[in-house]
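*Asks:* Just need the structure, nothing else, for what follows:
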Amino acid sequence: MLVVHPADITTTVLSHLYEGCGAVVVDQHHSKREIEHLLHHCPQRERIMLLGHGSANGLYSRTDDTVPEFDRIIIGHSHAYHLRRHGSNLIGIWCHADKFARSEGLHGLFSGMIISDKTEAEEYGIITLQHLIDEANEVMFARLRMLLDEKTPLNEIPERMKALNDKPSWLTNFNYESFYYL
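*Replies:* Numbering: from 1, shown residues only. Below you'll find the model as predicted:
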């Protein structure tokens, strides 16, 4: 499995999705050319995970994790050709990954907006505390990892995730309903 996951303190919880799987992990220290090379040479049947922060334009990264601003798109339009070769064996989890996938003709499991901090929660009218967001996301991504380990088909995961939301709240409802199979 190839994983693109730029280091970021607020998305370390996503590393649970691939830890112990023998994945090749690409982070912010890889150049655009190196990433394109890895994507090009990744066997078509191999799963690719794209994880972190982003937008409808792609997956972001920053050179310096202590600075809050992102300074580049690490996976964007220029990578879409290589990603399309993998059919529906892609997983993209970042804010609005589904919009990126739709615009680029990608298929697989993608997230919509996932609330990972208090500011994002407030933007969507959800009043909560940061530690509650962190705890809820730990549980949610542990459940997603369980489904992946059980080899649940990606097209079944959005409905299974909704069913696993056993402690519904405004936050968990929002996040558990933000998985899409495209």
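*Asks:* name the element residue 59 belongs to?
*Replies:* Secondary structure assigned from DSSP states H and E places residue 59 in strand 58-61.
*Asks:* Alpha carbons of that strand, as CSV, please.
*Replies:* Below are the C-alpha coordinates for strand 58-61, written out as CSV (Å, rounded to 0.1, in the frame of the first residue of the first chain):
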residue,chain,number,x,y,z
GLY,A,58,-6.2,18.5,-3.4
LEU,A,59,-4.2,17.4,-0.4
TYR,A,60,-2.1,20.0,1.4
SER,A,61,1.2,19.9,3.1
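*Asks:* Distance from it to the middle of the chain?
*Replies:* Distance, stretch centre to chain centre, for strand 58-61: 10 Å (C-alpha atoms, centre = their mean, to the nearest Å).
*Asks:* Can you give the strand pairings for it, parallel or anti for each?
*Replies:* Partner strands and pairing direction for strand 58-61 (DSSP bridges) are strand 54-55 (antiparallel), strand 72-75 (antiparallel).
*Asks:* Those strands into TSV, with extra columns for distance to residue 4, mean neighbour count and mean pLDDT?
*Replies:* C-betas here are computed from N, CA, C, even on glycine. Rendered in TSV, the data for the strands paired with strand 58-61 read as follows (distance: least, C-beta to C-beta, whole Å; neighbours: other C-beta atoms under 10 Å; pLDDT from 0 to 100):
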stretch	distance to residue 4	mean neighbour count	mean pLDDT
strand 54-55	11	21	95
strand 72-75	6	22	92
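*Asks:* Longest helix in the protein, by number of residues?
*Replies:* Taking residue count as the measure and DSSP state H as the definition, the longest helix of the chain comes out as helix 130-149.
*Asks:* still on that earlier bit, what residues sit buried inside the strand holding residue 59?
*Replies:* For strand 58-61, a neighbour-count test (16 or more other C-beta atoms under 10 Å) marks 58-61 as buried.
*Asks:* the strands in this protein, which residues?
*Replies:* In the chain, the segments counted as strands under DSSP state E are 2-4, 24-26, 48-51, 54-55, 58-61, 72-75, 90-93, 108-111, 179-181.
*Asks:* hang on, the earlier thing: check which residues of the longest helix of the chain are buried.
*Replies:* Residues of helix 130-149 classed as buried: 133, 136-137, 139-141, 143-145, 147-148 (neighbour count, 16+ other C-beta under 10 Å).
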